[in-house]
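*Asks:* Generate coordinates for the sequence data below:
(2 chains, ligands or ions: 3)
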Amino acid sequence: MDRAEKQALAWSIGILVLFMAAIVAAISGWGITVPDCITDVEPFEEGQLIQHDDLHYELQMVAHMWYFNPGQIELPVGATLDIYLTSADVVHGLHIDKTDINMMAIPGQISYLRVKFDEPGTYHFLCHEYCGIAHHTMAGSIVVKSPEEFQPEDMGADEALNGAAGETEEELGNES
Amino acid sequence: MKVDKSLKNLTLWLLFIPTVLLILGVLDGLLQVLFRAGWIQNTEALGIEYYQGLTLHGVINAIVFTTFFAVAFGNALIWYALKKPINLKVAWLSFWLMVIGVVFAAYAMLTGQASVLYTFYPPMKAHPLFYLGLALAVVGSWVAFWNWIPVYLQWRRENPGQKTPLAVVGIFATFIVWQIATIPVAVEVLFMLFPWSMGWTDSVNVMLARTLFWFFGHPLVYFWLLPAYVMYYTMLPKLTGGKLYSDWAGRLVFMLFIVFSIPVGTHHQYADPGIGSEWKFLHAVFTFAVALPSLITAFTIAASLEYAGRKNGATGTFGWMAKLPWFDTNRWLVPYLLVGLIIFIFGGISGIVNASYNLNLLVHNTSWIPGHFHLTVAGPVFLAFLGMSLYMVSKMTGKPVQLKGFATIVPYLWMIGLFTFSTGMMRGGLHGEPRRTNLGLTYLNPDSPFYRPEWEPYVIITAIGGILMFTAVTIYFITFFATFFSSAKEEAKLEFPLSEAYHEGPVKALANFKPWVTIAVVLIVLSYIPVIYDVLRSTTRSAPPYDPHNPAPLVQEEEEYYDEDFEEEEFEDEESAVIGEDEATNTEESATESSSDETQQTGAE
Ligand code: HEM
Ligand SMILES: [Cu+2]
Ligand SMILES: [Cu+2]
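*Replies:* Ligands and ions are numbered 1, 2, ... in the order given. Here you go, the predicted structure:
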């Protein structure tokens, strides 16, 4: 190895180490992480949105050929959403615009990511894995509303909400 | 060196067949950009359905064309570099296995019975001949490789203490990676998907199949790239009038690829469930390690080109760049390699973005990804393979290249088109534009409720780029077939422009594949055991087969869930808690209805 080669090698390794350090900083500093291996969540077959408290929601999302269940979701600004995703049939994907949510829906698997909605507005989501002939029709949206506009009582009985939350709180506890 | 007649025929067939198929492959590419821009608003064009065309595009361009080329190149290069004949009977056997395999897979794809894309993720099911065909093609390429091993070993015995020619090291590295990496996908296809598609088994573990696919899928990209690296290291220096800067670096690079190409596959699965994030991180670290040999290559090749430029009279720091034979029509092969290198700078940088673990969530499965990999496989790899195919046809038949001017401009036009195309795809991807999607029907259709006007500029840029790429490759086809069908004017030769080295350097540790293959196997085992373990323990059910045209499974599953009344009740209760249920879109509602119909049907059975 001559001097130039040694320098080039040092630079190359240096750059790669720097990039790796940036990734580690993003994981530990900002908590941006990728879906993990989940073994302790009960498989579910119906999609639903569960409210745990004012600003903490849980979404159990089921991808089907060719729709998401649920396909339309409303949340208040500042809500934290725990997303559990699975597929009822083939492989699908879920990408929520303007967020870091990008995950795969796989039959026999449950995928989990958490997201917080700080800005009001419409967040489109869509399936980004080919899932058959009508794949391009598989989309939905999350509407994030300011506290004044957001009226959860329109959308379901309060007791039911609390009941569901009580049931699943345990699951959440197990997981961490 | 005189060319053996049978080798010549074999090589011509191995190059002619994929080039003809490529016409269909790139035509599909053209249609895709038009569909995606919404300029074709239909499920099909020219009788090819979008996803059927995308399957053909991926399989032909990325699997058939590349594998046929690599085998043709390896057969001829081993023979030439070692000055020893290969066993032609075995070589023809490998050819026939590959051809029969392609015929099987083509039948399944062209009849619309295998619109599952080149990744064929279950539980979407293709015609059994699709799986069988791909398996035969891969086995054919194995046979070609096995055929070179005795030639190499004999050469080593006859030339003790001599360095193996670098070109041979490179080709062997390519096929060692291929041999190891195709085993998991062979297991997936032969033991999981084929019996399942025949109806002998009812269901597959989808996550396991995916993981086995990507166990193979990343090394696949090195199988594409390494033959191009062989040309960069062993031919480009000579073609530009210089020498390889460091022979030692070349050997090290090929060995590092053997070590690090394979234990990295889950970087394609960062967004998947079922694999512990710590193992994904380990694969990310190895992926950064496999970037190292490419960075060394960037240095070594640039240094070799600088040496060539200075020998041609260049002065100053950057003067050597101007002194390279960019537009010399008598050295028309040079731009196929040089332009590929320029493209690869951007392919490499975008690849590091993809590899970056959590950053990958920004780009996964968006159009950024095809934007990226057209800068690798449809950039340096594709151009090197096109150029070398033309070179081999011309040399082995003694037919001078026709329309050399055309041949010379193809890489430039391709680069302009490709950069435009990738700009559109990658920018769109950052704004959430998905890949593998017939966008024109919904997201780029102003009449659709899903219309996303913010993607308009990106799909238009992409389409312009795609049209330019298609034009460039059409010009290539004209020169290729004009040369192929012209008459011989020179002596037919088996010849490659192999370079000398400027620095030789120590090679002791790099003289044998064995230690490197051993390290590779150890890393593969260590990095994949925990991954497979996670996949198995997190899978709750396996899946029956599905036809891409129909949401109902092809095999009805036994009713295993909610057979107890108690559970049924609980399920009802939860339903009332669903927020915004009545606000579901029409499509969703009708879809939900039809799916509950199905449940009733299965219940009745
Ligand atoms: C005229 C030239 C080409 C054009 C216009 C083109 C265009 C495209 C487009 C638009 C896509 C994405 C489609 C989608 O995700 O919905 C795509 C995918 C792809 N292209 Fe190309 N392409 C061209 C040439 C090539 C070449 C030469 C290769 C390889 C040697 C190649 C390999 C691939 C692969 C592997 C995919 C991914 C298929 C999949 O997602 O299943 N393309 N191409
Ligand atoms: Cu889909
Ligand atoms: Cu990869």
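*Asks:* So which residues of chain A form helices?
*Replies:* A:3-28, A:158-175 (DSSP state H).
*Asks:* any idea which of those scores lowest on pLDDT?
*Replies:* Comparing mean pLDDT over the helices of chain A, the weakest stretch is helix A:158-175, at a mean of 38.
*Asks:* tally of neighbours for the residue in the stretch 101-250 of chain B positioned nearest to ligand 2?
*Replies:* For the stretch 101-250 of chain B and ligand 2, the shortest gap (CB to the ion) falls at B:Met124, measuring 10.5 Å. All C-beta atoms are positioned from the backbone trio N, CA, C, and that covers glycine. B:Met124 has 23 neighbours, counted by other CB atoms under 10 Å in any protein chain shown.
*Asks:* ok, now which ones touch it?
*Replies:* By CB atoms under 8 Å, 6 or more residues apart in numbering or on different chains, B:Met124 lies in contact with A:90-91, A:131-132, B:116, B:545-548.
*Asks:* and the gap between it and B:Tyr546?
*Replies:* B:Met124 is 5 Å from B:Tyr546, where distance means CB to CB, to the nearest Å.
*Asks:* Can you pull the residues that touch both of the two?
*Replies:* With CB under 8 Å, 6+ apart as the test, B:Met124 and B:Tyr546 both reach A:90, A:132.
*Asks:* what's around the nearest residue to B:Ala303 once chain neighbours are set aside, how many residues?
*Replies:* Residue nearest to B:Ala303 in three dimensions, not counting chain neighbours: B:Tyr245, with 3.8 Å by CB to CB, 6 or more residues apart in numbering or on different chains. Neighbouring residues of B:Tyr245 were enumerated by other CB under 10 Å; the total is 26.
*Asks:* what's the helix or strand for B:Tyr245?
*Replies:* Counting by DSSP states H and E, the element that carries B:Tyr245 is strand B:244-246.
*Asks:* And B:Asp202, by the same measure?
*Replies:* Using DSSP H and E, B:Asp202 maps to neither a helix nor a strand.
*Asks:* and if you look at the one 10 residues further on?
*Replies:* Assigning secondary structure by DSSP H and E places B:Leu212 in helix B:206-234.
*Asks:* close to ligand 1, is that helix?
*Replies:* No: under the criterion of CB under 6 Å from any ligand atom, ligand 1 is not reached by helix B:206-234; the shortest gap measures 7.6 Å.
*Asks:* So B:Ser246 sits against A:Lys6, correct?
*Replies:* No: applying CB atoms under 8 Å, one finds B:Ser246 not in contact with A:Lys6, separated by 11.6 Å.
*Asks:* The residue positioned nearest the centre of chain B in helix, strand or coil?
*Replies:* Closest to where the C-alpha atoms of chain B average out (CA atoms, centre = their mean) is B:Ala62, at 4.3 Å. Secondary structure, DSSP: H, G, I helix; E, B strand; the rest coil: B:Ala62 is helix.
*Asks:* Tell me the secondary structure of the residue of the stretch 151-300 of chain B found nearest ligand 2, please.
*Replies:* Going by CB to the ion, ligand 2 is nearest to B:Ala271 of the stretch 151-300 of chain B, at 13.8 Å. The three-state assignment at B:Ala271 reads coil, by three-state DSSP.
*Asks:* which non-adjacent residue is nearest it?
*Replies:* In space, B:Ala271 is closest to B:His364, 4.6 Å off (CB to CB, 6+ apart).
*Asks:* quick one: B:Asn147 and B:Asn87 touch, right?
*Replies:* Yes: under the criterion of CB under 8 Å, B:Asn147 makes contact with B:Asn87 at 5.6 Å.
*Asks:* Looking at the two, which one has more neighbours?
*Replies:* Neighbour count, other CB under 10 Å: between B:Asn147 and B:Asn87, B:Asn147 has more, with 21 against 13.
*Asks:* Could I get the full set of strands for chain B?
*Replies:* Under the criterion DSSP state E, chain B contains strands at B:44-45, B:48-49, B:244-246, B:501-503.
*Asks:* Where does the prediction get shaky in chain A?
*Replies:* Counting by pLDDT under 70, chain A shows low-confidence ranges at A:152-176.
*Asks:* Pick out the residue of chain B closest to ligand 1.
*Replies:* B:Gly29 (2.6 Å; CB to the nearest ligand atom).
*Asks:* Which residues are in contact with that residue?
*Replies:* Here B:Gly29 is in contact with B:57, B:61, B:466, B:469-470 (CB under 8 Å, 6+ apart).
*Asks:* Filter those to keep only those in contact with ligand 1.
*Replies:* Okay, of the contacts of B:Gly29 touching ligand 1 (CB under 6 Å from any ligand atom), that's B:57, B:61, B:466, B:469-470.
*Asks:* if we can go back for a sec, more neighbours: which of B:Ser246 and A:Lys6?
*Replies:* Higher neighbour count among B:Ser246 and A:Lys6: B:Ser246, with 25 against 10, using other CB under 10 Å.
*Asks:* how about JSON lines for the strands of chain B, with distance to ligand 1 added?
*Replies:* Listed next are the strands of chain B as JSON lines, based on distance: least, CB to the nearest ligand atom, whole Å:
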{"stretch": "strand B:44-45", "distance to ligand 1": "13"}
{"stretch": "strand B:48-49", "distance to ligand 1": "13"}
{"stretch": "strand B:244-246", "distance to ligand 1": "26"}
{"stretch": "strand B:501-503", "distance to ligand 1": "30"}
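*Asks:* closest to ligand 2 out of those?
*Replies:* That would be strand B:48-49 among these, by CB to the ion, at 15.3 Å.
*Asks:* Just give me how far that closest one sits from the chain centre.
*Replies:* Strand B:48-49 sits 22 Å away from the centroid of its parent chain (CA atoms, centre = their mean, to the nearest Å).
*Asks:* Burial check on the residue lying closest to B:Thr182 once chain neighbours are set aside, number of neighbours?
*Replies:* Excluding its sequence neighbours, the residue lying closest to B:Thr182 (CB to CB, 6+ apart) is B:Val138, at 5.2 Å. Neighbour count for B:Val138, taken as other CB under 10 Å: 23.
*Asks:* got the contact list for B:Val138?
*Replies:* B:67, B:101, B:182, B:185-186.
*Asks:* Give me the neighbour count for the closest residue to ligand 2 within the stretch 451-600 of chain B.
*Replies:* Using CB to the ion, the single residue of the stretch 451-600 of chain B nearest to ligand 2 is B:Pro548, 10.4 Å away. For B:Pro548, the count of nearby residues is 26 (other CB under 10 Å).
*Asks:* if I read this right, it contacts A:Gly132, doesn't it?
*Replies:* Yes: taking contacts as CB under 8 Å, B:Pro548 lies within contact range of A:Gly132: 4.1 Å.
*Asks:* Next to ligand 2, which bits of chain A? Give me the list.
*Replies:* Within reach of ligand 2 by CB under 5 Å from the ion, chain A has these residues: A:92, A:127, A:131, A:135, A:138.
*Asks:* Bridged to the first one, which residues?
*Replies:* Spelled out, that is A:His92. Judged by DSSP bridges, the bridge partners of A:His92 are A:Ala105.
*Asks:* was I right about it contacting A:Glu129?
*Replies:* Yes: the pair A:His92 / A:Glu129 is scored as a contact, 5.5 Å apart, by CB under 8 Å.
*Asks:* Compare these two (neighbour count), which wins?
*Replies:* Shown here are A:His92 and A:Glu129; by other CB under 10 Å, A:His92 has more neighbours (31 against 27).
*Asks:* residues touching that one, list them.
*Replies:* A:His92 touches A:63, A:104-105, A:127, A:129, A:131, A:138, counting by CB under 8 Å, 6+ apart.
*Asks:* Pull the number of nearby residues for A:Trp11.
*Replies:* Neighbours around A:Trp11, by other CB under 10 Å: 12.
*Asks:* distance of it from B:Leu295?
*Replies:* 8 Å.
*Asks:* what do you get for B:Arg541?
*Replies:* 44 Å.
*Asks:* what's the answer for B:Val525, then?
*Replies:* 27 Å.
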